[in-house]
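Colleague: Fold the following and give me the result.
(chains A and B)
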Amino acid sequence: MANISITSRCNRDCAYCFARSISVETEDMSYQLYVQALEFMKRSKIRQIRLLGGEPTLHPHFTRFVKTALRQDLSLLIFTNGLIKPSLVDFLNTIPIERIFLLVNMQEPQKGEDAVYRKQLAVLKKLGPRAQPGFNLHNHTHRLDFLLDLIDRYHLRRAVRLGLAHPAPGGSQQHLRPKDYVRIGDQVIAFARKAHERQIDIDLDCGFVPCMFPADNLPPSLHLDEIGNRCNPIPDILPDGTVIPCYPLAQTVRHLFLDYSDAQSVQEAFQQILQPFHNLGIFAECADCQALARGLCSGGCRALAMQRLRHHDFAVQVPHRSTRTKSKHPEQHRSRPEAHPPPLIQDGEMPGKRHSTITASGHGSTSGEQERNSLEPEASTADARRKHPTEPWLIPYIDQPPAFWQDLAAEFSPSIRAVYFPIDAKMIGSGRPPQPNKHLQSLLEKRLFKHSLLINPVTMPGPVESIAPAIIDHIAHLHERFGIDDVTFTSLQLAALVKEALPQLKLTASTLMDIAAANQLPMLEGICDAVVPASRIMRNLPALQQLHRSFSGRIRMIVNEACLPGCPYRIQHFYEMSRGRPFPKSLCQELLREKPWLRLTGAWVLPQHLHLFTGIYDELKLAGRVTLQNPQTYRRVLKVYITRQPLMPHEIGGGPASVLQPMIIEEDFYLKTLHCGGQCAGCDICPQYYEKAIRHSAVVGASHD
Amino acid sequence: MQKLSCHPQTHWLVNRDHILLIRPDNGKKLIIKYPESALWDYVSRNMEWDRLITLLSVLLKQDEKDTADWIRTTLNDWSQQEWLTPEEPHG
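Modeller: Numbers count the residues shown, from 1 in each chain, chains lettered A, B, ... in the order given. Take a look at the predicted model:
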């Protein structure tokens, strides 16, 4: 068998579609290439041509293509979404049913008015027994009974084809995860029983595995021995003449079909290339599975199994002998230690989450495992201060028109990694008052920058599992529409659910997740790719160093966070802000009136002191969604940070606990605060410095007056 | 100091009781079981040499010198089998 995809056009936008992520050089297959593809099929002794897309009936010369195949005594099977023009349906109905048949991929009827479904029904009604309904399972909540009703109502062929939503190249579309499979199996069994009662067959497409189903009590329409070995890729010829083993494996191997004599030789070439990935299995348990060992199963969708593969760059520095401590027990020597191994995968653990997935071409993305710089701060030389490295900055969205962002991009784009913005306040809100976002849409559409999404209310507005589905849908939409692939969370539980649903995203633990010590990092494994350290260690260099050493992902440091470290009012303050009590109403003000010097202990880093943190951050974040809403101030502060010119702490756009008066922060003093561990009780360095600086500030202010 | 890096074509897959190394370019596979799998896991996280020794010597109930020797031998094997790539020292 082989398929011909004659067009990449489609009039639907299915979230699980694995075809749309494949780039082809031409949208529609040319007639000349189509004729060559038919010749290829005939040479391959293939008499049934399977046309797919996209939506194949959208090809401008669809009728000509059909007639050409029929003239050559070939029959046709058309994979369609059912949104076929009435004139084309009439045309198809003029052809004998044994020459042309349609597999109609249905969508689940939606509540209320559902134009797509209505159109599909109209087409099914006309096609009758010429059509068989199909359905792609992409979650475990489908209600499939409607398919059986359609068969009876429109006298369709008495069979339903069920497919699984497999991953596509890049993995960006919605697809099933191995852990979904058992629930999908239950769903299929329940459906198959009802189908059997109505004498309707179930055709299972590739990727189903026997362990999805209980071995006993299977409905007669399902046969386990036929289920596990359906991964035998059928070459798909694409509109541009390239040929792939199947859509999910399109990135692994892609050749030109004209380079081969027939489909069998293509298949042999593909099998050879894909051999290393044979029998990997979609589950960690596959390695010990008897069904796999006995050839009853090949471990499910190979593309899905390949998502378990890990690859990233790493290196180990091996010192020459004798550079390490002496043996405590020199008499003891074993060439290979014996020990009882712990299982590498615990029950229920999903492998492959912690690291990025790969393509078989070997181009794996890394998970931030670059070799660390020295963890000790570099010398504070004038040279280092003058150096303006192009560092990755995350900067806040403020509601400014496109011209503002264009200017920003022109001046700073090499330094800007992303512009971040909060999730829609109607959806969940963030730990700030709702902010204007009149120009956000246009900024996202222009794609001047990459963007990063914040989902950071200090508490979730309800049980996370109940609010997660809508948030996941929203993120998936932003990802597909605007390429947003970086999301910051305050809730680890929510982040875990999002990572599970959209593993291609890079997730960041917000500073409000309060990650301050290495022993918290295992909790983030497999979920978060970056961490914004807790504000209480942002001025604690040893703690930051420890965190950086222990975390394999990226450390994102906020430069102008001004909350007091470990502020006991913070959570309530963020909660109140999110409920509409805006900045600068703050709960720490009374405390700061009594102990104003606490303002010096905030988690801010002035641009001139950034070099003291060299080697312990991977990217920098400018806070200021609220405090830097003035575009001139925003731009000035950003520029000064990027170019590392000196600032005073009242200028950085920190929050209400910032230093409010102009004062010079000397490097010696600042450096002390990075190593003091916040032992404020009994220490008078900050109170004295504050008093002195305020006096100096008053003198300077008076002389300027 | 010798630096060993992950070969650009080396991929791995974590199964219940072993790690499977794969080279898609030449089809080679290698199953590594504990304790080698623990070593792979640690080095793939860029763990520093001293910490590697400390952790593995505790895990293996073996003194640090023997642990260091075993790590060297194992890494060297992986390098010869081209799962890892030695990098020439600069300068």
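
Colleague: Measure how buried the residue of the stretch 601-705 of chain A at minimum distance from chain B is and give me the count.
Modeller: Closest approach between the stretch 601-705 of chain A and chain B, counting by C-beta to the nearest C-beta: residue A:618, at 13.3 Å. From N, CA and C alone the C-beta is placed, and that goes for glycine too. Neighbour count for residue A:618, taken as other C-beta atoms under 10 Å in any protein chain shown: 20.

Colleague: Backbone dihedrals for whatever residue of chain B ends up closest to chain A, both of them.
Modeller: Per C-beta to the nearest C-beta, the residue of chain B with the smallest distance to chain A is residue B:34, at 2.8 Å. For residue B:34, the backbone dihedrals (degrees, to the nearest 10) come out as phi -60, psi 140.

Colleague: is it true that it touches residue B:17?
Modeller: Yes. Using C-beta atoms under 8 Å, residue B:34 is in contact with residue B:17, at 7.4 Å.

Colleague: Setting the sequence-adjacent residues aside, check what's closest to residue A:136.
Modeller: residue A:163 (4.5 Å; C-beta to C-beta, 6 or more residues apart in numbering or on different chains).

Colleague: ditto for residue B:45
Modeller: That would be residue A:552: by C-beta to C-beta, 6+ apart, it lies 5.2 Å from residue B:45.

Colleague: I'd say the residue of the stretch 601-705 of chain A closest to chain B and residue A:392 touch.
Modeller: Yes. Using C-beta under 8 Å, residue A:618 makes contact with residue A:392 at a distance of 7.4 Å.

Colleague: Lowest-scoring secondary structure element of the chain by mean pLDDT?
Modeller: As the question left the chain open, I've gone with chain A. Least confident helix or strand, chain A: helix A:382-386 with a mean of 34, by mean pLDDT, DSSP states H and E.

Colleague: The intended chain is chain B.
Modeller: helix B:49-60 (a mean of 86).

Colleague: Give the other helices and strands that that one contacts.
Modeller: strand A:315-318, helix B:36-44, helix B:64-80 (3 or more C-beta pairs under 8 Å, 6 or more residues apart in numbering or on different chains; DSSP states H and E).

Colleague: These: which one's closest to residue A:489?
Modeller: helix B:36-44 (25.6 Å; C-beta to C-beta).

Colleague: Nearest residue to the spatially most central residue of chain B in space, please, no chain neighbours.
Modeller: With distances taken as C-alpha atoms, centre = their mean, residue B:40 lies nearest the centre of chain B, 4.0 Å away. Computed as C-beta to C-beta, 6+ apart, the closest residue to residue B:40 that is not its neighbour in sequence is residue B:19, at 5.5 Å.

Colleague: Buried residues of the helix or strand where residue A:403 lies, list them for me.
Modeller: Under the criterion of DSSP states H and E, residue A:403 resides in helix A:402-412. By 16 or more other C-beta atoms under 10 Å in any protein chain shown, the buried positions in helix A:402-412 come out as A:404-405, A:408, A:412.

Colleague: which of the helices and strands packed on helix B:49-60 sits most buried?
Modeller: helix B:36-44 (a mean of 21; mean count of other C-beta atoms under 10 Å in any protein chain shown).

Colleague: Quick check: residue B:63 touching residue B:54?
Modeller: No. Counting by C-beta under 8 Å, residue B:63 stays clear of residue B:54, with 11.4 Å between them.

Colleague: who's more crowded, the two?
Modeller: With neighbours defined as other C-beta under 10 Å, residue B:63 and residue B:54 compare such that residue B:63 has more, 19 against 15.

Colleague: So residue A:243: helix, strand or coil?
Modeller: strand (DSSP: H, G, I helix; E, B strand; the rest coil).

Colleague: what's across from it in the sheet?
Modeller: residue A:237, residue A:255 (DSSP bridges).

Colleague: and it, how many residues sit next to it?
Modeller: Residue A:243, neighbours per other C-beta under 10 Å, totals 28.

Colleague: And residue A:650, by the same measure?
Modeller: Quick note: residue A:650 (other C-beta under 10 Å) scores 16 neighbours.

Colleague: What's opposite the closest residue to the residue of the stretch 601-705 of chain A closest to chain B other than its chain neighbours in the beta bridge?
Modeller: Of all residues not flanking residue A:618 in the chain, residue A:554 sits nearest, at 3.9 Å (C-beta to C-beta, 6+ apart). With DSSP bridges as the criterion, residue A:554 is bridged to residue A:530.

Colleague: so what pLDDT did residue A:554 get?
Modeller: pLDDT for residue A:554: 91.

Colleague: show me the residues around it that make contact.
Modeller: A:368, A:508, A:529-531, A:618-619 (C-beta atoms under 8 Å, 6 or more residues apart in numbering or on different chains).

Colleague: Repeat that for residue A:148.
Modeller: Neighbours of residue A:148 in contact, by C-beta under 8 Å, 6+ apart: A:160, A:194-195, A:198, A:200.

Colleague: now, which of those residues sits nearest residue A:628?
Modeller: Closest to residue A:628, out of all of these and judged by C-beta to C-beta, is residue A:160, at 56.8 Å.

Colleague: How is the spatially closest residue to that closest one that is not a sequence neighbour assigned, secondary-structure-wise?
Modeller: Nearest in space to residue A:160, with sequence neighbours left out and distances taken as C-beta to C-beta, 6+ apart, is residue A:147 at 5.0 Å. Using three-state DSSP, the secondary structure recorded for residue A:147 is helix.

Colleague: okay, now residue A:645: neighbour count?
Modeller: 15.

Colleague: do you know how far it is from residue A:606?
Modeller: 10 Å (C-beta to C-beta, to the nearest Å).

Colleague: Likewise for residue A:260?
Modeller: 64 Å.

Colleague: More neighbours: the two, which one.
Modeller: More neighbours surround residue A:606 than the other of residue A:260 and residue A:606, with 23 against 19 (other C-beta under 10 Å).

Colleague: Next one, pLDDT for that one please.
Modeller: 93.

Colleague: Now do the contacts for residue 49.
Modeller: Just going to use chain A. Contacts of residue A:49 by C-beta under 8 Å, 6+ apart are A:4, A:38, A:41, A:69, A:74-77.

Colleague: Chain B is the one I meant
Modeller: Contacts of residue B:49 (C-beta under 8 Å, 6+ apart): A:316-319, A:324.

Colleague: Those residues: which ones sit near chain B?
Modeller: A:316-319, A:324 (C-beta under 8 Å from any C-beta of the partner chain).

Colleague: returning to what we had before: tell me the helices and strands packed up against the helix holding residue A:403.
Modeller: Counting by 3+ C-beta pairs under 8 Å, 6+ apart, helix A:402-412 packs on strand A:416-422, helix A:440-446, helix A:631-643.

Colleague: now these as JSON lines including mean pLDDT?
Modeller: Putting the helices and strands packed on helix A:402-412 into JSON lines (pLDDT from 0 to 100) gives the following:
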{"stretch": "strand A:416-422", "mean pLDDT": "93"}
{"stretch": "helix A:440-446", "mean pLDDT": "91"}
{"stretch": "helix A:631-643", "mean pLDDT": "92"}
